[in-house]
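Peer 1: Here is the input, now give the coordinates:
(one chain, ligands or ions: 1)
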Amino acid sequence: MKPNESRAIFHLQASKVFSASLEGSPAHEYLEEHRGITLETAKSMGLGFVGDSAPNGFEMYKGCLAIPYMRYGPLHSRETPQVSVAQIRFRCVRPGCVKDESGFREKEDHGTHGKLESMAGDTGHIYNTNDLAKYHDEIAVCEGEPDTWTTKQCGIPVIGIQGAGGWKDHFTELFEGYEVVWVLADGDPAGMKFATGVAERISVARIIPMDSGMDVNKSVLKYGEEYLLKKVGR
Ligand SMILES: [Zn+2]
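Peer 2: The predicted structure is shown next:
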């Protein structure tokens, strides 16, 4: 077994444990109340919660939302395609960090730890490559996992890039053959810089900017799914 295969199996087994702990957890509450993500969407994307049953090696992520980067494809052989997990990212949803007495707060306080953590050795993968593997005429590209959940929940095929500077040269060829690639841009200078950078590489890209100070998740929470669907011509 190659090292990256045993790693993918380790990630997959942990993701299953986290997924089984999602319902009724702080991560479930965060997704539903603060992000507008249904349990159905969350489960379909393998999201989970790192609770007390966390396997060895994941203790430091207790209290976090687990975000697996799932891959659908052959792991051991061409004959038995199966799901694997390339990496897992962890998003802190500990109530002491993300809530106050009036509920989820706009300005979170994570003290000395990070809001988002990747496991050692994990590099920036594309999020939700499942939508790249299926046939679609159009696909959306957005920044970060929450915008990817929201876009997916609106019924739009989508992949997520990790941060405004997360595009890598070898990603570009994955978008050949699409009629339109919608680049959903955050309504700030970094978001526009990201979008124009993608559009320079992909000839069929169309930039869809959100309103000033807004991202896809906030826009859909505020204006509803119709807002986003209209922007991509539906
Ligand atoms: Zn925290």
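Peer 1: tell me the contacts of the residue positioned nearest the centre of the chain?
Peer 2: Nearest to the geometric centre of the chain sits residue 145, at 2.3 Å (Cα atoms, centre = their mean). Contacts of residue 145 were listed using Cβ atoms under 8 Å, 6 or more residues apart in numbering, and they are 67, 89, 91, 127, 160. The C-beta positions use only the backbone N, C-alpha and C, and glycine is treated the same way.
Peer 1: Okay, it and residue 41: tell me how far apart.
Peer 2: 12 Å (Cβ to Cβ, to the nearest Å).
Peer 1: And for residue 10?
Peer 2: Counting by Cβ to Cβ, the gap from residue 10 to residue 41 is 26 Å.
Peer 1: Ramachandran coordinates for the residue nearest to the centre of the chain?
Peer 2: Phi and psi for residue 145, reported as degrees, to the nearest 10, are phi -70, psi -40.
Peer 1: In contact with residue 193, which residues are there?
Peer 2: residue 164.
Peer 1: Tell me the secondary structure at it.
Peer 2: For residue 193, the assignment made with DSSP: H, G, I helix; E, B strand; the rest coil gives helix.
Peer 1: Helices along this structure, start to end?
Peer 2: 3-20, 26-29, 35, 39-44, 95-98, 130-133, 145-153, 189-201, 216-223, 225-231 (DSSP state H).
Peer 1: how about these, which one is nearest the ion?
Peer 2: Across the helices of the chain, the ion has its closest neighbour in helix 95-98 (3.1 Å, Cβ to the ion).
Peer 1: quick one: buried residues of the closest one?
Peer 2: By neighbour count with 16 or more other Cβ atoms under 10 Å, helix 95-98 contains the buried residues residue 98.
Peer 1: Just the CA atoms of it, as PDB, please.
Peer 2: In PDB, the C-alpha atoms belonging to helix 95-98 read as follows (Å, rounded to 0.1, in the frame of the first residue of the first chain):
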ATOM      1  CA  PRO A  95     -19.300  27.600  21.900                       C
ATOM      2  CA  GLY A  96     -16.800  29.700  23.900                       C
ATOM      3  CA  CYS A  97     -15.200  30.800  20.600                       C
ATOM      4  CA  VAL A  98     -18.200  31.300  18.300                       C
END
